[in-house]
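Asker: predicted model and sequence follow; I will ask about them next.
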Amino acid sequence: MSIKSNPLARCVTVFLFFCAVPVFAQKLSDLEPAGPAVQPEITQVGDWSLVCEPGSGQCAMTQLGKDPQGSPAIEFVVRKVDEEAAEINGVKVDAVADIITPLGVLLDFGLQLKIDDGEPRSAPFRICQTQGCLVREPLSSDVVQMLKAGSKAVITVAAEGAGAIDIEISLRGFTKAYGSL
């Protein structure tokens, strides 16, 4: 699949290059350029795209969420955490969700994630850059299990002049894609 002919691949490539900051600190030497950019391998798994860097074993699963008018509105990216014993506030973290929204969202509102008919979970925006605004949220084993068992997730953001906007993410293929990470 060519990145030039696939807008999702272009979006994921831009995200991975510009927005993907490590979950844990890196050494300065790890940040030096490694040579020419390598085209990611992209596999469709249900409604998710599995994006892998060839030869590295590093993969992320991603999906574009559309607003009620059908326009791409967010990118939802899930990556497993490499650390076996990663914990935040005493809760084991299995993965991290990066949710990228366009500029113009109301930062004070943050973002809400609701899986099927469950309780909404709130998360703050981490940073906004020219590519959009980023929410980075750790996913516990319990949340990963809810995503695996669910059929849809609804992301709610608020936009200037538009109020709250619900963006649906399909969970079809989540379990298989997650198992491939």
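Answerer: Arrived safely, thanks for sending.

Asker: look up which residues are beta-bridged to the most centrally placed residue in the chain.
Answerer: Compute the mean C-alpha point of the chain, and by C-alpha atoms, centre = their mean the closest residue is Val77, 1.8 Å away. Applying DSSP bridges to Val77 yields these beta-bridge partners: Thr62, Asp98.

Asker: pretty sure it sits against Asp98.
Answerer: Yes - contact between Val77 and Asp98 holds when scored by C-beta atoms under 8 Å: they sit 4.3 Å apart. C-beta: built from backbone N, CA, C; applies to glycine.

Asker: just the residues contacting stretch 108-117, thanks.
Answerer: Contact partners of stretch 108-117, identified using C-beta atoms under 8 Å, 6 or more residues apart in numbering, comprise 97, 99, 101, 105, 120-125, 135, 137, 143, 146-147, 150-158, 164, 171.

Asker: do a quick rundown of the helices in the protein.
Answerer: Listed from the start of the chain, the chain has helices (DSSP state H) covering 7-18, 141-149, 174-179.

Asker: now do the contacts for Ala177.
Answerer: So Ala177 contacts 45-46, 48, 50, 61, 78 (C-beta under 8 Å, 6+ apart).

Asker: sketch out the low-pLDDT regions of the chain for me.
Answerer: 1-37, 83-91 (pLDDT under 70).
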